[in-house]
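Asker: only the shape, not the letters, is given here:
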């Protein structure tokens, strides 16, 4: 029996967003820093002969005069730029609000209150431990050999030879390995790792509480990092599930794990930080550091904001190429059909040059609008000597509304960019975005102020009897801040402060 198939047509509307080539170009330029833009301009000039440096070479930094009462105007025409387009950029606010683990966000650094380096911090911990002077000397040498990420790149044999030859300590490789383990036991967890999986494993081990059954997920995570790291990075989870066996009982019984248990372990690993030492090596608030090239300069006395042009020259479309196109078009009108290929090529190069010049102008206009909105909210902070207590809660959504653009555009602007304030302070733009905490009086303050208070309380605590998260929460509530114990734990983790038990043992 034949089955009749019916084919029907339906009409309907579906909204589809498609970015133009110009919008994609502007988006890519927005995301990079001034240093990255310099590199892109250089490569574009090299690849497109229709784009050249303008003559004469004028000053291209754009300075905006801000007004606290009447808002701002950057004097630019940006109607062609569709700032409402969602570029699917990961929202920084979401990353911060979901950071419920002891991971130091890439945009937060306690260096804004202190100048202690990673080496100083680790050396201080070594000096405080109970160990022989020889062991301490080895530890200090290992610390001095760590790279800027806190990893130990030199192999054990080389380090042993260096200590024997240059330090005259006469040690064995076994003694050096014992010292490596000692340094790995210091804070932050993951320091002195020799690979990424070892760095993550050290953090997973540090999360164990001593309760054998509760630590089961941590032991799964350790096993995955030790034995199946390549499968983990390739997301071959089914293969891991078929092979991984973990000690489930104190009697030493190894058993397969369930899918749910493996998922929990994978989630734990994904919450670990492959760069735990960036809290010391990637300072987002700097004094006198030359490694950062600011994208903005703000003078708090004159209330002027300058968008830096770095070493980027003023650009123009090549007059030579424009004349060549005019000649080709003239010949084509005269009947020279063989000139069509040249015409297409010249038009493409000239249009590409114009789009690139326009994209840089649109980038600078957007940067100016977004940074001006941030300054309007944080003006008291900037003009009050960058006092952290004056920092206001601020979300990317607020800035997007003030600058009349999309949140993803604000996120792109905030990415990898810095502002120099009065030639004294340098901040990451992301530093100015923070959650708000409502006080008992109804006032809203930045969560960074709460973090400052937590840090101060821990620094002043009795080291023999460290404060618990409950005790810190109680103190904060007495000071008028509505902060729960879980929030204290979250902020303590963000600050890189160990738990009460770890501070007692440390």
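Answerer: Sure thing, it's come through. The structure presented is a predicted model; accordingly, all values stated were derived computationally and were not measured. Numbering: from 1, shown residues only.

Asker: can you list the weak-confidence ranges in the chain?
Answerer: Counting by pLDDT under 70, the chain has low-confidence residues at 1-20, 55-116, 279-291, 336-340, 438, 442, 505-506.

Asker: next SSE downstream of the longest helix along it?
Answerer: Longest helix of the chain, by residue count under DSSP state H: helix 340-383. For helix 340-383, the following helix or strand on the C-terminal side (DSSP states H and E) is helix 396-403.

Asker: remind me what that next one packs against, helices and strands.
Answerer: helix 92-97, helix 340-383, helix 407-414 (3 or more C-beta pairs under 8 Å, 6 or more residues apart in numbering; DSSP states H and E). The C-beta positions use only the backbone N, C-alpha and C, and glycine is treated the same way.

Asker: the first one: what's the following helix or strand?
Answerer: So that's helix 92-97. helix 118-128.

Asker: give me the buried positions along that following helix.
Answerer: Residues of helix 118-128 classed as buried: 118, 121, 122, 123, 125, 126 (neighbour count, 16 or more other C-beta atoms under 10 Å).

Asker: which residues touch the last one?
Answerer: Neighbour list for residue 126: 136, 139, 140, 143, 182, 183, 186 [criterion: C-beta atoms under 8 Å, 6 or more residues apart in numbering].

Asker: now do 7 Å
Answerer: Contacts for residue 126 (C-beta atoms under 7 Å, 6 or more residues apart in numbering) come out as 136, 139, 140.

Asker: wasn't the first one part of a helix?
Answerer: To tie it back to what came earlier, the one meant is residue 136. Yes: under DSSP: H, G, I helix; E, B strand; the rest coil, residue 136 sits within a helix.

Asker: residues touching it, list them.
Answerer: Taking C-beta under 7 Å, 6+ apart, we find residue 136 in contact with residue 126.

Asker: rewinding a little: nearest to residue 475 among the helices and strands packed on helix 396-403 would be which one?
Answerer: Of all the helices and strands packed on helix 396-403, it is helix 92-97 that lies closest to residue 475, at 23.7 Å by C-beta to C-beta.

Asker: would you map the helices across the stretch 51-200 of the chain?
Answerer: 92-97, 118-128, 133-144, 156-162, 173-184, 196-206 (DSSP state H, counting those that start in this stretch).

Asker: related to what we said a few turns ago, name the helices or strands packed onto the longest helix of the chain?
Answerer: Counting contacts by 3 or more C-beta pairs under 7 Å, 6 or more residues apart in numbering; DSSP states H and E, helix 340-383 packs against helix 21-31, strand 62-65, strand 296-299, strand 304-307, strand 315-317, helix 319-333, helix 396-403, helix 407-414.

Asker: one step back: dump the helices and strands packed on helix 396-403 to TSV, plus mean neighbour count and distance to residue 46.
Answerer: Shown next, in TSV, are those (neighbours: other C-beta atoms under 10 Å; distance: least, C-beta to C-beta, whole Å):
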stretch	mean neighbour count	distance to residue 46
helix 92-97	16	34
helix 340-383	19	13
helix 407-414	25	25
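
Asker: residue 297: which of these is closest?
Answerer: It is, among the helices and strands packed on helix 396-403 and with distance given as C-beta to C-beta, helix 340-383, at 10.4 Å.

Asker: that closest one relative to helix 21-31, how many degrees between them?
Answerer: Here the directions of helix 340-383 and helix 21-31 differ by 40 degrees (axes from the mean of the first three to the mean of the last three C-alpha atoms, to 10 degrees).

Asker: between helix 340-383 and helix 396-403, what angle do the directions make?
Answerer: In terms of direction (the same axes, to 10 degrees), helix 340-383 departs from helix 396-403 by 110 degrees.

Asker: chain center to helix 340-383: distance?
Answerer: Taking C-alpha atoms, centre = their mean, to the nearest Å, one finds helix 340-383 lying 23 Å from the centre of the chain it belongs to.

Asker: cool, and stretch 495-506?
Answerer: 25 Å.

Asker: how about that stretch: buried residues?
Answerer: Buried-residue list, stretch 495-506, by 16+ other C-beta under 10 Å: 495, 496, 497, 498, 499, 500, 503.

Asker: which residues touch residue 137?
Answerer: residue 169.

Asker: neighbours around residue 427, how many?
Answerer: Residue 427 sits with 24 neighbouring residues when counted by other C-beta atoms under 10 Å.

Asker: in terms of helices and strands, where is it?
Answerer: Residue 427 belongs to strand 425-428, assigned by DSSP H and E.

Asker: so what strands line up beside that strand?
Answerer: Paired strands of strand 425-428, with direction, are strand 285-286 (antiparallel), strand 418-421 (antiparallel) (DSSP bridges).

Asker: on that earlier part again, go through the helices and strands packed on helix 396-403 and name the closest to residue 224.
Answerer: The closest of those to residue 224 is helix 92-97. By C-beta to C-beta, the value is 23.9 Å.

Asker: my guess is residue 151 contacts residue 193. True?
Answerer: Yes: using C-beta atoms under 7 Å, residue 151 is in contact with residue 193, at 5.7 Å.

Asker: these two: which is more packed in?
Answerer: Taking other C-beta under 10 Å, residue 151 and residue 193 do not tie; residue 193 has more neighbours (24 against 19).

Asker: what about the residue lying closest to the more buried one once chain neighbours are set aside, how many neighbours?
Answerer: Once flanking residues are discounted, residue 193 sits nearest to residue 199: 3.5 Å by C-beta to C-beta, 6 or more residues apart in numbering. Residues near residue 199, counting by other C-beta under 10 Å, number 26.

Asker: could you do the one 4 residues further on as well?
Answerer: Counted with other C-beta under 10 Å, the burial measure for residue 203 works out to 27 neighbours.

Asker: how close does it sit to residue 242?
Answerer: For residue 203, the distance to residue 242 (C-beta to C-beta, to the nearest Å) stands at 26 Å.

Asker: now residue 358
Answerer: Distance, residue 358 to residue 242, by C-beta to C-beta: 55 Å.

Asker: try residue 310
Answerer: 53 Å.

Asker: what about those two, which has more around it?
Answerer: Each of residue 310 and residue 242 has its neighbours counted (other C-beta under 10 Å); residue 310 has more, 16 against 9.

Asker: ok, back up a step: what angle separates the longest helix of the chain from helix 407-414?
Answerer: Here the directions of helix 340-383 and helix 407-414 differ by 80 degrees (the same axes, to 10 degrees).

Asker: now the angle from helix 340-383 to helix 319-333?
Answerer: 150 degrees.

Asker: do you know which of the helices and strands packed on helix 396-403 lies nearest residue 160?
Answerer: Residue 160 sits nearest to helix 92-97 of all the helices and strands packed on helix 396-403, at 41.6 Å, using C-beta to C-beta.
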